[in-house]
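>>> generate a structure from the sequence data that follows.
(chains A, B, C and D)
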Protein chains: 4
Amino acid sequence: MLPPGVFCAQDYERLAEERLSPAVFAHTAGGSGGEAALARNRSAFEAAVTTPRMLVDFDGANTRARVGGIDLSHPILLAPLAHQGLYHPRGELETAQAAAVVGAGLVCSTLSSNSLEDIAEAAGPARWFQLYLQPDWAVSLDLVRRAEAAGYQGLVLTVDAPVQTPSLRALRAGFTGEGSVAANLTAYPAPAPPPLASGESRVFGGPMRHAPRLSDIGRLKAETRLPLWIKGVLHPEDARQFLAAGADGLIVSNHGGRAFDGAPAALSALPAIREAVGDTVPVLMDGGVRSGRDVFTAIAHGADAVLVGRLQAYALAVAGALGVAHMIRLLREELELNMALAGCPDLAAIRRLGAAT
Amino acid sequence: MLPPGVFCAQDYERLAEERLSPAVFAHTAGGSGGEAALARNRSAFEAAVTTPRMLVDFDGANTRARVGGIDLSHPILLAPLAHQGLYHPRGELETAQAAAVVGAGLVCSTLSSNSLEDIAEAAGPARWFQLYLQPDWAVSLDLVRRAEAAGYQGLVLTVDAPVQTPSLRALRAGFTGEGSVAANLTAYPAPAPPPLASGESRVFGGPMRHAPRLSDIGRLKAETRLPLWIKGVLHPEDARQFLAAGADGLIVSNHGGRAFDGAPAALSALPAIREAVGDTVPVLMDGGVRSGRDVFTAIAHGADAVLVGRLQAYALAVAGALGVAHMIRLLREELELNMALAGCPDLAAIRRLGAAT
Amino acid sequence: MLPPGVFCAQDYERLAEERLSPAVFAHTAGGSGGEAALARNRSAFEAAVTTPRMLVDFDGANTRARVGGIDLSHPILLAPLAHQGLYHPRGELETAQAAAVVGAGLVCSTLSSNSLEDIAEAAGPARWFQLYLQPDWAVSLDLVRRAEAAGYQGLVLTVDAPVQTPSLRALRAGFTGEGSVAANLTAYPAPAPPPLASGESRVFGGPMRHAPRLSDIGRLKAETRLPLWIKGVLHPEDARQFLAAGADGLIVSNHGGRAFDGAPAALSALPAIREAVGDTVPVLMDGGVRSGRDVFTAIAHGADAVLVGRLQAYALAVAGALGVAHMIRLLREELELNMALAGCPDLAAIRRLGAAT
Amino acid sequence: MLPPGVFCAQDYERLAEERLSPAVFAHTAGGSGGEAALARNRSAFEAAVTTPRMLVDFDGANTRARVGGIDLSHPILLAPLAHQGLYHPRGELETAQAAAVVGAGLVCSTLSSNSLEDIAEAAGPARWFQLYLQPDWAVSLDLVRRAEAAGYQGLVLTVDAPVQTPSLRALRAGFTGEGSVAANLTAYPAPAPPPLASGESRVFGGPMRHAPRLSDIGRLKAETRLPLWIKGVLHPEDARQFLAAGADGLIVSNHGGRAFDGAPAALSALPAIREAVGDTVPVLMDGGVRSGRDVFTAIAHGADAVLVGRLQAYALAVAGALGVAHMIRLLREELELNMALAGCPDLAAIRRLGAAT
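Below is the predicted model of the structure:
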């Protein structure tokens, strides 16, 4: 049943805070370091102003988006959110079901609590698989093969989190991550931590030893015909380079404020990246989307579609598949309202209105 | 009787909050979405700075304004405020009486609690009729004919709210709008909600099907000799287009922060629109006016006059016609004080001082 | 006796709040309208940044200022503060005595609680008389003659407050001004309020009828050999005009946030005025000075000296002449510290450092 | 033992507040005047945004810094912090020991609670001696000779605090400094306070009489072969002058907000100074560094390394040498994380990323 008192998507945050343990809520809501990047994601949306047009013809108005060759009825996707078992016993299976019902694209995380195969079965056709490169290339490749076999439409290579940075808020709340199992990885041998020379950096000598690098784009492209998205792009020069190396699409993101704390808001980075890559390259964004107006704003700044992360966790925690579907539905209807009120009968009109008129 | 403790127009807000039900107050004070446009209306006024002149000659000083060919003793009009029965049993009849007494132009709402004919009788000659286009063109036309017959000086076509967006604040306070009757529309058959195809948008397939469009300007002008104002303009290109299509005057507004939440403050949009249309086209504004200094500031930014909405509701709720008249009187005297202190003996001098000196 | 716990000049504000009635404190601390100009005076000082120099030679370092041909040991003057009987039974006599002791220039208000003659007797030689033009020119002239006779060094014509605007804060606190007598004016017949035509503005038809105008500069200069300062200048074009009309010096001021509420901070207006009039015209400022760093900042922005108003009232209320002398002494020593730390051995060096380096 | 609950370097501040007396904590945390420069140091770091790069090769990644010809494994130094006996019975001996263990450069203060010789013995080789010029040149020279003899690698001449300004916060908390002995100076006769002429400034006629001046750079260089750093530079013109006069390196600083309160943030002053002096002159900075991200940001703004002051005091107060070592270790690991997440395998890459990308 839908809980009472949900008038907008963000109301799920308040309700989730009441239902989740303080540790899990802190882990979900928190960001890295001083949470500056986290805060910027929101303040950029709040500060965004768009001068609307009036008396526009709305015959045939729609929210249709095309994401990597797939037609979607609206531009709201579910971001790759790890360990959804934290929020619901059935985790990603609920999310996937919701995505199918409301026509939302789904990006399945490498670190999902259910296997990518089970998730694929519950999901609609618009699904992608998010890939964290594994220390062992053979494991990465096996994940790719499994994603192909399970009918995912593309790979989303996350590049902005080669090391995990703990949320201080989560640490203080006692979050340990205990009990979270990455179902996709249980079949593989656990990678041995690399031996550290005395005095060697735990960061540079540890996870960074196997961090993804530019050549991995070509290496992956050589192995699969699935389109390859790069997630975590903020610098326009990176955007150009990654496309030149073979990437098929970009996701502008600062990892929801959970990675480099000095980063700009994803929204702020978007216009320069759109300008760098031109109008036809698919560019998505995530980070800070909490309302249909935010979706509108992201598209005005150059995105083809957005992904929602935290809202997904909150709605899942509060009401499972029904909650997630409701949350997407609220976002979509708010988007439609904003389009109606700003004189934009489709996403192309929002784009033309632009980020600063 | 005038309540004690009213030293400035905005004091009526505090008193109204004490007298109105929380639901009606929330409905009145609130805005759409995250209330960003609502907040911008105020912060734009608060941030506005004008460098005053001193030792100016004040012989013949006055606050006279000319609005669409009508001479007014001051530039403060009453905005079209719907459902005034929420604030006073006699609703718009009180407001109209106050307007007549203090020489304030009155804009009667399509959604008034009293009929436009009754309001016209109570009002002074400076009255306009605000028109929401109805799904049935014949009904719209009948409203125009009635406004002509009742001696209104012009039509004010609202274009920025083709759909109503609920105020989250009002929803949370339990506001339902129940009991509000639009007296002007009771004579007409209730429009049938358009049938929605399965999965069709309630927004695009609903109210947007009959939303006003550019061609309606010419269509209206062909039917009436009343001057036609367009209310809800924010984009300079729209301003030019609407004039080209036949509009006689413009009202710069973001609907008091109750429509597109991503919109700029009305005050912020004003200078570019004044520049786009030149000095002679009548341009009014509303949104955020709470004091005589705000009236001064709006005129410095390019307005010929301002309309007040929320203050009208508050004063009406607190003290009926007497309250509204007192509120206008306070605004006018504050305006005069500001003119005296800034070296501006008339509105033209304020305009010359400009928005940023 | 000096009260304990005064570590800086602004500490007198806290202590004064404890000793004065809420109504008198509100009247003193408050500003006009929404107190925007009042707030700007402070925020402009707080935001001001100056890049200091180091390793500068301090031989012969001093704080000497030259104000209208008078040599002062430091650039801190006492602003014309009306009705000092509100703060101390002996009012301006205490202030004047303090000014003499610490070598601070004194500007006596037209609206002083003691007669200008008595104040002159208590004061040091560096004294000026602030003039509000009176409805009757003969009265104004008599005030000029008395100031000449009492040995004032110049006249300060206030031009930014042709009407008094009440402080809402003071009104709410019940301040009435009752009991304040303007000792300088008791000898003259009270001016009859001008008759208002029906519906005529109380502002334009009242005090503005006798408001000072540009021609009054020449008119005054024709009557007296005293140097004439204009107080309340904010616009560079006004500055040029007033000098051309015969003024000898300017005081940049927004009347301490007590007049036009839309005005810029006095500090913000200062650089453009200094640039407009050149380096040799005497330019003072007041509004927002609360510390020796503020004095430093004002000089860096182009002032030759500053005047302090509210601090004067607070110190007078707390400890009479001793308090005022102590407050000036604290400001001066803070100024010296700031000069020492910023590499400025005299005021000219501060000026060279500039407002934005 | 390390205290529980320290997840980041700044956690030591909270813990120190619990352990230190309010007076000592206020003295440590406070700044001069209105604490504007203190606040700017932090807000500049908080506002700094850097657009990161992704998919960068991290082979050979390291945090190595070269400071005045000395190779350090990381760019975090301990600032010259006076009177460390306030924080720990063994004071600087603990700090020096920590510095040696974690390879942090140490700058010993003239006003240390232990003698520079004892500190040198506890410290590692990367140590510098901070010099306050003494009223008697022979004393200054003796300090230089002692620093040479004790194996310090260079002199750090502090130029931004020729007079001490009290922290108002500390004064209000009752801080007197009583019991703080400057161990390095006890051997010398206490300088007689210079006689003040009547009415002479206690500032200009007191400490400023012996304040360091430009010629002291050459005078010191003539006496010692130790490299000479100038600490407290904010103006690019000063930077050029000091190098021309013989300085070997610069430390950009506003004395942690404890000197000129009108100063810009050290971080804000850094880019112009780096640009003025070119890429090869050693430039350090201090002021506001509280995290590894701040270290990253300072380097992106042009610093070769940073010094930490307050964090040093807090960690020392909480856990002695172990606390200081832990705090440095936390900063270093946060720096490494930020480098990993921003695509910067060494400090040169951070510099190339720049202050505003």
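>>> wait, doesn't A:Val203 sit right on D:Glu333?
Yes: if you go by CB atoms under 8 Å, A:Val203 and D:Glu333 touch, sitting 6.6 Å apart. All C-beta atoms are positioned from the backbone trio N, CA, C, and that covers glycine.
>>> so between these two, which is more surrounded?
For the pair A:Val203 and D:Glu333, the greater number of neighbours falls to A:Val203 (26 against 18), based on other CB atoms under 10 Å in any protein chain shown.
>>> secondary structure element holding the more buried one?
Under the criterion DSSP states H and E, no helix or strand holds A:Val203.
>>> then A:Val306?
strand A:305-308.
>>> need the contact partners of that strand.
With CB atoms under 8 Å, 6 or more residues apart in numbering or on different chains as the test, strand A:305-308 has contacts from A:65, A:67, A:72, A:75-80, A:105, A:107, A:251, A:284-286, A:289, A:294-295, A:298-299, A:327-328, A:331.
>>> so which of these sit within strands?
Of those, the ones assigned to strands by DSSP state E are A:65, A:67, A:72, A:76-78, A:107, A:251, A:284-286.
>>> pLDDT, neighbour count and distance to A:Ala23 for those residues - can I get that in TSV?
Shown next, in TSV, are the ones in strands among the contacts of strand A:305-308 (pLDDT from 0 to 100; neighbours: other CB atoms under 10 Å in any protein chain shown; distance: CB to CB, whole Å):
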residue	pLDDT	neighbour count	distance to A:Ala23
A:Ala65	98	23	36
A:Val67	94	20	35
A:Leu72	97	20	35
A:Ile76	98	28	29
A:Leu77	98	26	28
A:Leu78	98	30	24
A:Val107	98	26	25
A:Ile251	98	30	29
A:Leu284	98	28	31
A:Met285	98	30	29
A:Asp286	98	29	24
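>>> count the residues that sit near A:Val49.
19.
>>> give me the pLDDT for the closest residue to chain C within the stretch 51-200 of chain A.
As assessed by CB to the nearest CB, chain C sits closest to A:Thr51 within the stretch 51-200 of chain A, at 24.9 Å. pLDDT recorded at A:Thr51 is 97.
>>> tell me how far A:Ala48 lies from A:Pro271.
Noted for A:Ala48: a distance of 11 Å to A:Pro271, by CB to CB, to the nearest Å.
>>> how about the helices in chain A?
A:11-19, A:22-29, A:36-47, A:92-102, A:116-122, A:137-149, A:168-172, A:215-221, A:236-244, A:266-277, A:292-300, A:310-342, A:347-353 (DSSP state H).
>>> to B:Pro166, which of these lies closest?
helix A:310-342 (9.6 Å; CB to CB).
>>> show me what the closest one is packed up against.
With contacts defined as 3 or more CB pairs under 8 Å, 6 or more residues apart in numbering or on different chains; DSSP states H and E, helix A:310-342 has these neighbours: helix A:11-19, helix A:22-29, strand A:76-78, helix A:92-102, helix A:292-300, strand A:305-308, helix A:347-353.
>>> count the residues that sit near A:Leu171.
Neighbours of A:Leu171 (other CB under 10 Å): 17.
>>> A:His210 now?
If we define neighbours as other CB under 10 Å, then A:His210 has 17 of them.
>>> quick one: name the residues of chain A near chain B.
A:5, A:7-8, A:46, A:48-58, A:61-63, A:73, A:291, A:293, A:296-297, A:333-334, A:336-342, A:345, A:357 (CB under 8 Å from any CB of the partner chain).
>>> quick one, what contacts the spatially most central residue of chain A?
The residue lying closest to the centre of chain A (CA atoms, centre = their mean) is A:Ala79, at 3.0 Å. Each residue near A:Ala79 by CB under 8 Å, 6+ apart is listed here: A:107, A:256, A:286, A:307-309, A:312.
>>> again with A:Pro271
Contacts of A:Pro271 (CB under 8 Å, 6+ apart): A:301-302, A:355.
>>> what about these, which one has the most neighbours?
Counting by other CB under 10 Å, top hit in the contacts of A:Pro271: A:His301 with 28 neighbours.
>>> closest to chain D out of the contacts of A:Ala79?
Nearest member of the contacts of A:Ala79 to chain D, counting by CB to the nearest CB, is A:Gly256, at 13.3 Å.
>>> verify the contact between that closest one and A:Ala313 for me.
No: look at A:Gly256 against A:Ala313 with CB under 8 Å: they stay out of range, at 10.5 Å.
>>> comparing those two, which residue is more hemmed in?
Using other CB under 10 Å, the more surrounded residue of A:Gly256 and A:Ala313 is A:Ala313, with 29 against 24.
>>> if I look at that one, how far off is A:Ile328?
Taken as CB to CB, the span from A:Ala313 to A:Ile328 is 13 Å.
>>> same check, this time on A:His255
Taking CB to CB, one finds A:His255 at 22 Å from A:Ile328.
>>> try A:Gly85
21 Å.
>>> who has more neighbours, these two?
A:Ile328 (25 against 17).
>>> what about the nearest residue to the more buried one once chain neighbours are set aside, neighbour count?
If the residues on either side of it in the chain are set aside, A:Ile328 comes closest to A:Val102, at 4.5 Å by CB to CB, 6 or more residues apart in numbering or on different chains. Neighbours of A:Val102 under the rule other CB under 10 Å: 21.
>>> A:Leu322 is in contact with A:Val102, correct?
No: with contacts counted by CB under 8 Å, A:Val102 stays clear of A:Leu322, the gap being 10.7 Å.
>>> show me what contacts A:Ile273?
A:Ile273 neighbours (CB under 8 Å, 6+ apart): A:233-234, A:236, A:239, A:250, A:252, A:283, A:302.
>>> can I get these in TSV with distance to B:Thr176 and pLDDT?
Formatted as TSV, those follow (distance: CB to CB, whole Å; pLDDT from 0 to 100):
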residue	distance to B:Thr176	pLDDT
A:Val233	47	98
A:Leu234	46	98
A:Pro236	50	98
A:Ala239	49	98
A:Leu250	46	98
A:Val252	42	98
A:Val283	43	98
A:Gly302	40	98
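>>> rewinding a little: pull up the per-residue confidence for the residue nearest to A:Ile328.
A:Val102 is assigned 97 on the pLDDT scale.
>>> now A:Met1
74.
>>> ok, now A:Val318?
98.
>>> what's around the closest residue to A:Ala342 other than its chain neighbours, how many residues?
With CB to CB, 6+ apart as the criterion, A:Ala342 has its nearest non-adjacent residue at 3.7 Å, and that residue is A:Pro52. The local packing of A:Pro52 (other CB under 10 Å) involves 28 other residues.
>>> ok, A:His326 next?
20.
>>> contacting residues for it?
Per CB under 8 Å, 6+ apart, neighbours of A:His326: A:2, A:6, A:315, A:319.
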